[in-house]
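> Model the structure of this input:
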Amino acid sequence: MKTSRMHTRGARHDRGRTRWRGGGIGPGAVGAALAWVLLAAGVVQAGVLQCPDGNTAGIPTNGLVASYLFNGNAQDAIGGHHGIPHHVTLTSNRFGRGSSAYSFNGTDTYIEIPNHNAFSLPTTQQLSIAVWMRPGTLNFPNDEGTGYVHWLGKGVPGQHEWTFRMYSADNTENRDNRTSVYLFNLGGDRGTGSYVQESVSSGTWYHYVAVADMHTDTITWYKNGRQRDQDCFRSLNPPCKKDNVTDPVDPQSGTAPVRVGTRDFASFFKGAIDNLHIYNRALSKAEVERLCRDTTP
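Take a look at the predicted model:
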């Protein structure tokens with residue numbers, strides 16, 4: 001498990017071994033034929049081709065508490081937890097469809113979703129967050145700490161809960177292209193999570209899913225439909241103890257809003273974000289793959 005001490009601007013370290021290096025597996029014969037036809041027509045961008053093979057696709061609805069398709073607005077399609085855009089602009093999504101995703105300038109743009117217990121892990125003891133992300137640069141102009149940005153998260157000083165992070169290529173910890181998910185103690189003194197570190201490209205869409213489960217004491221990180229890492233966050237017992245965990249994280253519900261494009265204004269993401277879905281349960285591997293293959297604009 002990766003643990004980190006943090007100050008008011010966020011965790012400074014995510015210790016642990018890099019696991020599961022390497023790229024994704026291409027689609028099978030049928031899926032590839034369809035994907036290449038759509039790609040040639042300008043309908044699908046390269047990131048979609050990285051999802052696993054499969055005959056089912058779509059958005060699982062069981063336990064879905066908020067769904068943001070970003071098709072012309074930041075409204076929640078199912079739960080009424082509408083987002084409030086701040087200086088963001090609409091852009092094309094992974095299928096090349098215009099005004100179907102939001103672009104963030106890396107300086108002052110974000111979307112804010114008011115606080116609700118549905119977005120806190122302790123509410124149901126399980127939380128899954130799925131989202132598409134397209135970095136617009138590999139060196140973010142407004143980063144923090146050792147050179148990273150929080151591009152989606154729920155937390156402010158004294159009310160930390162969770163965050164999605166990406167490191168700039170010019171970070172000072174040799175963590176180029178690392179993407180990760182963190183859970184924090186409410187006071188922010190500790191953060192722990194899972195990550196993947198491998199090459200990414202500016203302008204390419206990637207699908208990320210975080211699944212946190214207090215019943216199994218695990219946080220799991222998926223990229224493009226495949227599990228890339230899993231760690232414990234509370235227990236000092238094996239197998240967690242093998243990573244020399246000394247301070248467990250005990251997530252609690254806070255009062256901070258969910259923000260897209262930043263977490264607490266200490267850093268800002270430059271790129272595009274689309275199709276954010278939040279669940280009050282743990283998604284299965286098959287459901288994560290299904291979400292990655294989803295063709296909803």
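> which ones are touching residue 276?
By Cβ atoms under 8 Å, 6 or more residues apart in numbering, the contact list for residue 276 reads 66-68, 70, 129-131, 152, 260. Backbone N, C-alpha and C define where each C-beta goes, glycine included.
> Out of these, which sit inside strands?
Among those, the residues falling in strands (DSSP state E) are 66-68, 129-131, 152, 260.
> ok, so of these, who is nearest residue 284?
residue 130 (12.4 Å; Cβ to Cβ).
> contacting residues around residue 208?
Contacts of residue 208 (Cβ under 8 Å, 6+ apart): 130-133, 164, 179, 181, 221-223.
> again, only this time at 10 Å
129-133, 151-152, 164, 166, 179-181, 196, 221-224, 228, 288, 292 (Cβ atoms under 10 Å, 6 or more residues apart in numbering).
> Need the per-residue pLDDT for it.
We note a pLDDT of 98 for residue 208 in this prediction.
> Secondary structure element for it, which one?
strand 206-213 (DSSP states H and E).
> what separates that strand from the chain centre, distance-wise?
Distance of strand 206-213 from the chain centroid (Cα atoms, centre = their mean, to the nearest Å) equals 6 Å.
> can I get the CA coordinates of it in CSV?
Once non-C-alpha atoms are left out, strand 206-213 reads as follows in CSV (Å, rounded to 0.1, in the frame of the first residue of the first chain):
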residue,chain,number,x,y,z
TYR,A,206,-8.1,7.4,-21.1
HIS,A,207,-10.7,5.8,-18.9
TYR,A,208,-10.1,5.6,-15.1
VAL,A,209,-12.1,3.9,-12.4
ALA,A,210,-11.5,3.9,-8.7
VAL,A,211,-13.3,1.4,-6.5
ALA,A,212,-13.0,1.8,-2.7
ASP,A,213,-14.5,-0.8,-0.4
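> what lines up beside that strand in the sheet?
strand 126-135 (antiparallel), strand 218-223 (antiparallel) (DSSP bridges).
> Reformat those into JSON lines and put mean pLDDT and distance to residue 145 next to each item.
JSON lines is the format used below for the strands paired with strand 206-213 (pLDDT from 0 to 100; distance: least, Cβ to Cβ, whole Å):
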{"stretch": "strand 126-135", "mean pLDDT": "98", "distance to residue 145": "18"}
{"stretch": "strand 218-223", "mean pLDDT": "96", "distance to residue 145": "19"}
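> and of those strands, who's closest to residue 273?
strand 126-135 (5.5 Å).
> how about the closest one: buried residues?
126-135 (16 or more other Cβ atoms under 10 Å).
> Out of the strands paired with strand 206-213, which gets nearest to residue 253?
strand 126-135 (11.0 Å).
> can you tell me which two in the ones in strands among the contacts of residue 276 are farthest apart?
Of all pairs in the ones in strands among the contacts of residue 276, the most separated under Cβ to Cβ is 67 and 152 at 14.7 Å.
> Could you check which of the two is surrounded by more residues?
residue 152 (26 against 20; other Cβ atoms under 10 Å).
> isn't that one right next to residue 263, touching?
Yes - the criterion here is Cβ atoms under 10 Å, and residue 152 meets it with residue 263 at 7.4 Å.
> Mutual contacts of those two, please.
Common contacts of residue 152 and residue 263 (Cβ under 10 Å, 6+ apart): 110, 162-165, 269.
> Which one of those sits in the busiest neighbourhood?
Within these, most neighbours by other Cβ under 10 Å means residue 269, with 29 neighbours.
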